[in-house]
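Participant: 3D, please:
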Amino acid sequence: MRVKGKILNWGNSFGIRLDKSAALEAGLSPNEEVEVEVKRKISKVGDLFGLGEKRMDTRKALKEIDELFED
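Facilitator: Model prediction:
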């Protein structure tokens, strides 16, 4: 199940806030240990390859895009 969250400061650490209804739908409860795979949200094409970098082969660019959206 894919759930969006937000990273927040929590003392000297970070915490991830998840929508309660999504967490309950996934069968999660407070204080339960979970495993999380973290990926940066991509909001624009420049985030994929960076700005000002040299040009990239189209096939390589498409492969990198596919890898970003793999589950």
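
Participant: ok, residue 30 - contacts?
Facilitator: For residue 30, the contact set (CB atoms under 8 Å, 6 or more residues apart in numbering) is empty. Yep, even glycine has a C-beta here, placed from its N, CA and C like the rest.

Participant: how close does it get to residue 15?
Facilitator: 13 Å (CB to CB, to the nearest Å).

Participant: residue 2 too?
Facilitator: 19 Å.

Participant: settle it for me: which of those two has more neighbours?
Facilitator: The neighbour count for residue 2 versus residue 15, taken as other CB atoms under 10 Å, is higher for residue 15 (12 against 6).

Participant: surely that one is in a strand?
Facilitator: Yes - using DSSP: H, G, I helix; E, B strand; the rest coil, the secondary structure at residue 15 is a strand.

Participant: so which residue is dead centre in this structure?
Facilitator: Central residue of the chain (CA atoms, centre = their mean): residue 39, 2.8 Å from the mean position.

Participant: having no further points to raise, I will conclude here.
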